[in-house]
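Asks: Need a 3D model of the sequence below.
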Amino acid sequence: MPGLVWKIPESLILCIAEWDDQAVVYHSMSGETHHLNGFALETLNLIQIGPFTLNSLVESALKIFEVEDKTELEQYIKQMIYQFESLGFIELINREN
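Replies: Okay, the predicted model is just below:
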């Protein structure tokens, strides 16, 4: 996973409704609606900023979340990347040089 770069597909519109520590996300291309917990929502918000690698996403998340174990955060974010990719929220665009 190191060196891989993902982004939100250009043709995708994500409509997000947030409340408390959760959200629902409407995927414009599939027509599906998905429920996200607070961590997944914050991760998706970071992803919307632009193309990212696992390392850049972890570093950004560390600025938001108070965590004692960076390795645990990295594992959780890896899971989010796989989930978001399988849902069509993000796509792999290339390898980092």
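
Asks: Please count neighbours and contacts with C-alpha atoms only from this point.
Replies: OK.

Asks: For the longest helix anywhere in the chain, list every residue counted as buried.
Replies: If you go by DSSP state H, the chain has its longest helix at helix 70-87. For helix 70-87, burial by neighbour count (16 or more other Cα atoms under 10 Å) applies to 73, 74, 77, 78, 80, 81, 84, 85.

Asks: and which of those is nearest residue 55?
Replies: Residue 55 lies nearest to residue 74 out of the buried residues of helix 70-87, by Cα to Cα, at 8.2 Å.

Asks: ok, the nearest residue to that closest one once chain neighbours are set aside to residue 23 distance?
Replies: Nearest residue to residue 74 in three dimensions, chain neighbours excluded: residue 58, at 6.0 Å (Cα to Cα, 6 or more residues apart in numbering). The gap separating residue 58 from residue 23 is 21 Å, by Cα to Cα, to the nearest Å.

Asks: the more surrounded of the two?
Replies: Neighbours per residue (other Cα atoms under 10 Å) separate residue 58 from residue 23, with residue 58 holding more: 21 against 17.

Asks: element containing the residue minimising distance to the centre of the chain, please.
Replies: Ranked by distance to the mean C-alpha position of the chain (Cα atoms, centre = their mean), the top residue is residue 44 at 3.7 Å. Assessed by DSSP states H and E, residue 44 sits inside helix 38-47.
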